[in-house]
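Enquirer: Got a sequence here, can you build the structure:
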Amino acid sequence: MLESLEKMLAQGMDNPMLRFGLGKGYLDAGEPGRAVPHLRRCVELDPKYTAAWKLLGKALQADGDKQGAHQAWERGIAAAITHGDRQAEKEMNVFLRRLDRLTPD
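Expert: Got it, this is the predicted structure:
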């Protein structure tokens, strides 16, 4: 599946769903470093895509960038609040609390 998505991207297709699919695919494959740029591009293309903000934070955390994960989830929460996505807001708040417990001040 990732190969076909990469082909689509190479052919000039670029949209939030494609980037989300690539990011999720790489994260699921245990390659968070490869997921991050696709998820970053996804939220650049569609800043209100709360599922992408959630996944970007997870990819950044898995890649060792806890500060980046924190920032992604904060921006995702803001997007969720703005667009009334209460479930995404709740989930990202939980992720932030867990991250804060893992990260000493």
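
Enquirer: Point out where the chain drops to low pLDDT.
Expert: 103-105 (pLDDT under 70).

Enquirer: so where do the helices sit in it?
Expert: 2-10, 16-28, 32-45, 50-62, 66-83, 86-102 (DSSP state H).

Enquirer: Report the contact partners of residue 72.
Expert: 43, 53, 56, 57, 60 (Cβ atoms under 8 Å, 6 or more residues apart in numbering). (Glycine included, C-beta is placed from N, CA and C.)

Enquirer: Need those residues in CSV (columns: neighbour count).
Expert: CSV is the format used below for these (neighbours: other Cβ atoms under 10 Å):
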residue, neighbour count
43, 23
53, 26
56, 28
57, 28
60, 24
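
Enquirer: of all those residues, which comes closest to residue 30?
Expert: Using Cβ to Cβ, residue 60 is the member of the contacts of residue 72 that lies nearest residue 30, at 14.8 Å.

Enquirer: can you tell me how far that closest one sits from residue 24?
Expert: Computed as Cβ to Cβ, to the nearest Å, the residue 60 to residue 24 distance reads 14 Å.

Enquirer: Could you tell me how many residues sit around residue 95?
Expert: 20 (other Cβ atoms under 10 Å).

Enquirer: Report the separation between it and residue 88.
Expert: 10 Å.

Enquirer: List the residues that are in contact with both of these two.
Expert: With Cβ under 8 Å, 6+ apart as the test, residue 95 and residue 88 both reach residue 54.

Enquirer: give the contact list for the spatially most central residue of the chain.
Expert: In the chain, the centroid-proximal residue (Cα atoms, centre = their mean) is residue 56; its distance is 1.9 Å. Applying Cβ under 8 Å, 6+ apart, we find residue 56 in contact with 23, 36, 39, 40, 42, 43, 72, 76.

Enquirer: quick one: the fifth one and residue 51 touch, right?
Expert: Looking back up the chat, that one is residue 42. No: between residue 42 and residue 51 there is no contact under Cβ atoms under 8 Å: 9.2 Å.

Enquirer: Looking at these two now, which is surrounded by more residues?
Expert: Between residue 42 and residue 51, counted using other Cβ under 10 Å, residue 42 has the larger neighbour count: 27 against 17.
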